[in-house]
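Peer 1: What shape does this take:
(2 chains)
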Amino acid sequence: MSKLHVSTTVNGDAVEYLCDPRETLLDCLRDKLNLTGAKEGCGTGDCGACSVTVDGRLVCSCLMLGVEAEGKQIETVEGIADGDVLHPLQKKFIEYAALQCGICTPGILVAAKSLLERNPNPTEEETRYWLAGNLCRCTGYDKIIRAVMDTAAEMREAS
Amino acid sequence: MDYHSPNSFEEASALAANATGTTRFLAGGTDVLVQLRSELVTPDTLIDVKKINGVRDITRNADGSWTLGVAATGAEMSEHPELGRDWPGVVEAMDLIGSTQVQGRATLTGNLCNGSPAADSVPAMVAAGVTVTVTGPGGTREVAVEDIPVGPGKTSLAKGELISAVHIPARGDNGGDAYLRFIPRTEMDIAVVGVGVNLRLDGDEITEARVSLGAVAPTVLLVEDCAKAIIGTTLDDAALDALAAAASAACNPINDKRGTIEFRTEVSGVLAKRAAKIAYARAKGEQA
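Peer 2: Residues are numbered from 1 along each chain as shown, chains lettered A, B, ... in the order given. This next block holds a predicted model:
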């Protein structure tokens, strides 16, 4: 079967790849573009470890085909830090020890960044619902939620 | 698997009509990709409808009715400033499906065509009187949402047919709708029972009603006996009890890990009462 050519933008960089139509965006990010931040936890849209944004919209990259990325703007966890300067969310996750094994962390950072861009002052309830599709089997969520809430407070003060 | 992204519904229909083997249409992909991944369904032909003009549009028509493109997402419906004021039950039902991430892709049309009896948006659409345009090799036809599913995973759409638009009626005066579901968690689960109610008032009296049940039969049900139980009443306790009895009587559920037959039958009545009260209050303008 012939492969399909895809031109897209990932973290601001124009990229191209050839993919089988059955390959997901997650497969393409990891195996063709070597962007292994997004993880495959379940492969069925339940765990959120593969979260990315597409044209600013939070999605599971395992639930989108690689060919659907044509002409889109993709943002992954690799684009969150500004060079060597970590994003405030990343700093707070370290400060709060809001991760243990780290598999879910890239997806949660992408999802939490998306939340704070839409709602700089979320309630804890809003934060928990927004992140309900990001499963973490290590932390019990409390540290994650506290890290996101404290980041939101800090970013509001800084702006 | 051949991937196509046609520019019109006519072209999509022709592709499907001429395809051999298994064909799937791709909108949000939140079911199609799961089935692909789990090797339940590996389509020979996959037809992505998102390159067709207008498929993401949410439009209020001159007569107050709404037309939604087949790829308008749950997130786009929830964020729309007007749609949820007219049809909060439909928008809230769609919003109950999956996570934030799933909402970024999932669509009403996909939820309908997946054919799950537990699809959250479908009872709300049935109660609201939503219709869809079906485009096929012979042209287009308008079909009521309740006539699309015919069994778990099965629809009435023929080979070469696909849904090309979703139409929600004008809200009109003194109307309200609501959808409630029971799940054993607070988020990220599939309905054990779902109930959609849509009604209209003249003063305090209900003059029109549609009640729909999900996850209690092989397809989503439009239950006329539930509507009859509350039409002509002020939704007093006797009417609510009659509504609950009619809802429970209409149930033909299965036992599974999410709920027993007895539990689903009982909860159908409870949720019908609660959803009717919310729809009634909305029709009175008492809550958004």
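Peer 1: What parts of chain A come near chain B?
Peer 2: A:1, A:4, A:21-22, A:24, A:43-46, A:48, A:51, A:54, A:57-60, A:62-65, A:67-68, A:111, A:114, A:129-134 (CB under 8 Å from any CB of the partner chain). C-beta here means a position set from N, CA and C on the backbone, and glycine is covered the same way.
Peer 1: separation between the closest residue to chain A within the stretch 151-288 of chain B and residue B:73?
Peer 2: For the stretch 151-288 of chain B, the residue closest to chain A is residue B:187, as judged by CB to the nearest CB, at 4.1 Å. Counting by CB to CB, to the nearest Å, the separation of residue B:187 from residue B:73 is 18 Å.
Peer 1: Mind checking which of the two has more residues around it?
Peer 2: residue B:73 (25 against 14; other CB atoms under 10 Å in any protein chain shown).
Peer 1: What's opposite that one in the beta bridge?
Peer 2: The partner list for residue B:73 in beta bridges (DSSP bridges) reads residue B:107.
Peer 1: Got the phi and psi for the spatially most central residue of chain A?
Peer 2: Residue closest to the mean C-alpha point of chain A, counted by CA atoms, centre = their mean, is residue A:110 at 3.0 Å. Dihedral pair for residue A:110: phi -60, psi -40, per degrees, to the nearest 10.
Peer 1: can you tell me how far the closest residue in space to it that isn't next to it in sequence sits from residue B:1?
Peer 2: Among residues not flanking residue A:110 along the chain, residue A:51 sits closest, at 4.5 Å (CB to CB, 6 or more residues apart in numbering or on different chains). Distance from residue A:51 to residue B:1, counting by CB to CB: 25 Å.
Peer 1: So those two - more neighbours on which side?
Peer 2: Each of residue A:51 and residue B:1 has its neighbours counted (other CB under 10 Å); residue A:51 has more, 33 against 16.
Peer 1: shouldn't that one be in contact with residue A:63?
Peer 2: No - contact criterion CB atoms under 8 Å: residue A:51 and residue A:63 do not qualify, at 10.4 Å.
Peer 1: if I look at those two, which residues touch both of them?
Peer 2: residue B:101 (CB atoms under 8 Å, 6 or more residues apart in numbering or on different chains).
Peer 1: residue boundaries of the helices in chain A?
Peer 2: With DSSP state H, the ranges of helices along chain A come out as A:25-27, A:88-95, A:105-118, A:124-130, A:142-158.
Peer 1: Sorry, wrong one. I was asking about the stretch 101-250 of chain B.
Peer 2: B:108-113, B:121-128, B:224-230, B:237-250 (DSSP state H, counting those that start in this stretch).
Peer 1: Tabulate those (TSV), appending mean neighbour count and distance to residue B:88.
Peer 2: Shown next, in TSV, are the helices of the stretch 101-250 of chain B (neighbours: other CB atoms under 10 Å in any protein chain shown; distance: least, CB to CB, whole Å):
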stretch	mean neighbour count	distance to residue B:88
helix B:108-113	26	15
helix B:121-128	32	10
helix B:224-230	21	19
helix B:237-250	19	20
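Peer 1: which stretch among the ones you listed comes nearest residue B:61?
Peer 2: Closest to residue B:61 of the helices of the stretch 101-250 of chain B, according to CB to CB: helix B:121-128, at 15.1 Å.
Peer 1: Count the residues that sit near the residue of the stretch 51-200 of chain B found nearest chain A.
Peer 2: Per CB to the nearest CB, residue B:99 is where the stretch 51-200 of chain B lies closest to chain A, at 2.1 Å. Using other CB under 10 Å, residue B:99 has 27 neighbouring residues.
Peer 1: Kindly report the same for residue B:275.
Peer 2: If you count neighbours by other CB under 10 Å, residue B:275 ends up with 28.
Peer 1: got it, and residue A:116?
Peer 2: 20.
Peer 1: And it, how far from chain B?
Peer 2: 13 Å (CB to the nearest CB, to the nearest Å).
Peer 1: which residues touch that residue?
Peer 2: Residue A:116 neighbours (CB under 8 Å, 6+ apart): A:89, A:122, A:148, A:151, A:152, A:155.
Peer 1: Apart from its chain neighbours, what residue comes closest to the third one?
Peer 2: For residue A:148, the nearest residue in space outside its immediate sequence neighbours is residue A:112; the separation is 4.8 Å by CB to CB, 6+ apart.
Peer 1: these two touch, right, the one you found and residue A:149?
Peer 2: No - applying CB under 8 Å, one finds residue A:112 not in contact with residue A:149, separated by 10.0 Å.
Peer 1: overlap in contacts of those two?
Peer 2: What both residue A:112 and residue A:149 touch, as defined by CB under 8 Å, 6+ apart, is the set residue A:127.
Peer 1: For the residue nearest to residue A:148, list the residues it contacts.
Peer 2: Contacts of residue A:112 by CB under 8 Å, 6+ apart are A:89, A:127, A:130, A:131, A:148, A:151.
Peer 1: same thing with residue B:16?
Peer 2: B:23, B:25, B:45, B:47, B:159, B:160, B:161, B:162.
Peer 1: Also residue B:217?
Peer 2: B:117, B:250, B:251, B:252, B:253.
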